[in-house]
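A.B. asks: sequence first, predicted model second:
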Amino acid sequence: MINPAYVEAMVRQALAEDVGSGDVTANLIPAGTHASARVISRDAGVLCGVAFVDEVFNQLDPALVPHWHFKDGDTIGENDLLFSISGDARAVLTGERTALNFLQLLSGTATRAQQYALSVDGTGVRLLDTRKTIPGLRLAQKYAVHCGGCHNHRIGLYDAYLIKENHIEASGGIANAVSAARQATPDLPVEVEVETLDELRLALDAGADRIMLDNFDLDNLREAVRITAGAAELEASGNVSETTLQAIANTGVDYISIGALTKSVTPLDLSMRFDPS
């Protein structure tokens, strides 16, 4: 369940951006005109964004309540009726694009996540998103990733340590960085990014909870799994695509992080159609 206060704030910002001082085109419609409309999918995929659509119309006119035929996480097909809505024609028209922007983007994110998740089904690996999200929509996209069957990495810079190459250099080494993290916030998980098997051994000796194997080839991924022997969680990252994903999963790593889950999203094609009056 996504935080209602977050949804309210994101919708308010989106409507301010879209509507501004007023929808001059919708105001061509006579005041008080009643309309009924339907939103139909033009692509198959995974639905996500119901709460955002509901909030768009609620902020424009609380009497506008979409009647949904699917819920977040449901698989939808081409030409499925997603929801219908009836009420003030001006408000429906004003909310159309803002509502569909949320629904198309988040459904596209969830659909991409499902495609990746299905490709490694049965391997035991967990697929993770990253911080490569659309600015302002991180929580929404990470929610969509979850709806599609993948998992969330850290939300931001505050909820877990991820000690990367530049952090290691500035700290004077992996051991120093991990030790500083343990002293500063002992309850936060500590992950270290490594680029070689020697660095992997240093991260293991330092007691990292999780180790990110950056751009390791398949042979080195398998060797990293052997060396680690369950002493820390292993996360593969870099050079991950739909064509390489299965092979990486089969090396035995615990996680694979994929920036494309949120940064290279194709929105689902959806369409609103007014019913004849």
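C.D. replies: Received it, and whenever you're ready, just let me know what you need.
A.B. asks: give me the distance between the closest residue to Ile211 other than its chain neighbours and Ile248.
C.D. replies: Nearest non-adjacent residue to Ile211, counting by Cβ to Cβ, 6 or more residues apart in numbering: Ala203, 4.9 Å away. For every residue, glycine as well, the C-beta is placed using N, CA and C. According to Cβ to Cβ, to the nearest Å, Ala203 and Ile248 sit 19 Å apart.
A.B. asks: thinking again about what came up before, tell me which helix or strand the residue nearest to Ile211 sits in.
C.D. replies: helix 197-206 (DSSP states H and E).
A.B. asks: which outside residues touch the helix or strand just after that helix?
C.D. replies: Per DSSP H and E, the first helix or strand lying C-terminal to helix 197-206 is strand 210-214. The contact list for strand 210-214, computed with Cβ atoms under 8 Å, 6 or more residues apart in numbering, reads 162, 189-195, 200, 203-204, 220-221, 224, 228, 232-238, 253-255, 257.
A.B. asks: which of those count as buried?
C.D. replies: Among the contacts of strand 210-214, those classed as buried by 16 or more other Cβ atoms under 10 Å are 162, 190-195, 200, 203-204, 220-221, 224, 228, 232-238, 253-255, 257.
A.B. asks: okay, and which of these map to helices?
C.D. replies: Per DSSP state H, helices hold the following members of the buried ones among the contacts of strand 210-214: Leu200, Ala203, Leu204, Asn220, Leu221, Ala224, Thr228.
A.B. asks: now Gly110: which helix or strand?
C.D. replies: Quick fix: residue 110 is Ala, not Gly. helix 89-119.
A.B. asks: now that helix: buried residues?
C.D. replies: Using 16+ other Cβ under 10 Å as the test for burial, helix 89-119 gives 89-117.
A.B. asks: try stretch 155-168
C.D. replies: Ala160, Tyr161, Leu162, Ile163, His167, Ile168.
A.B. asks: how far does it stretch from start to finish?
C.D. replies: Stretch 155-168 has an end-to-end distance of 21 Å (criterion: Cα to Cα, to the nearest Å).
A.B. asks: off-centre distance for that stretch?
C.D. replies: On the basis of Cα atoms, centre = their mean, to the nearest Å, stretch 155-168 sits 19 Å off its chain's mean C-alpha point.
A.B. asks: which stretches of the stretch 101-250 of the chain have low pLDDT?
C.D. replies: Judged against pLDDT under 70, the stretch 101-250 of the chain has no low-scoring part.
A.B. asks: which SS state does Ala35 fall under?
C.D. replies: strand (DSSP: H, G, I helix; E, B strand; the rest coil).
A.B. asks: that one touches Ala91, doesn't it?
C.D. replies: No. Using Cβ atoms under 8 Å as the test, Ala35 is too far from Ala91 to be in contact (9.1 Å).
A.B. asks: my guess is Asn250 contacts Thr123. True?
C.D. replies: Yes. Assessed by Cβ under 8 Å, Asn250 is found in contact with Thr123 at 6.3 Å.
A.B. asks: the more surrounded of these two?
C.D. replies: Comparing Asn250 with Thr123 by other Cβ atoms under 10 Å, the one with more neighbours is Thr123, at 17 against 14.
A.B. asks: ok, that one - contacts?
C.D. replies: With Cβ under 8 Å, 6+ apart, Thr123 has these contacts: Gln246, Ala249, Asn250.
A.B. asks: Throw these into a markdown table and include secondary structure and distance to Asp214, thanks.
C.D. replies: What follows is these, written out as a markdown table (DSSP: H, G, I helix; E, B strand; the rest coil; distance: Cβ to Cβ, whole Å):
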| residue | secondary structure | distance to Asp214 |
| --- | --- | --- |
| Gln246 | helix | 20 |
| Ala249 | helix | 17 |
| Asn250 | coil | 19 |
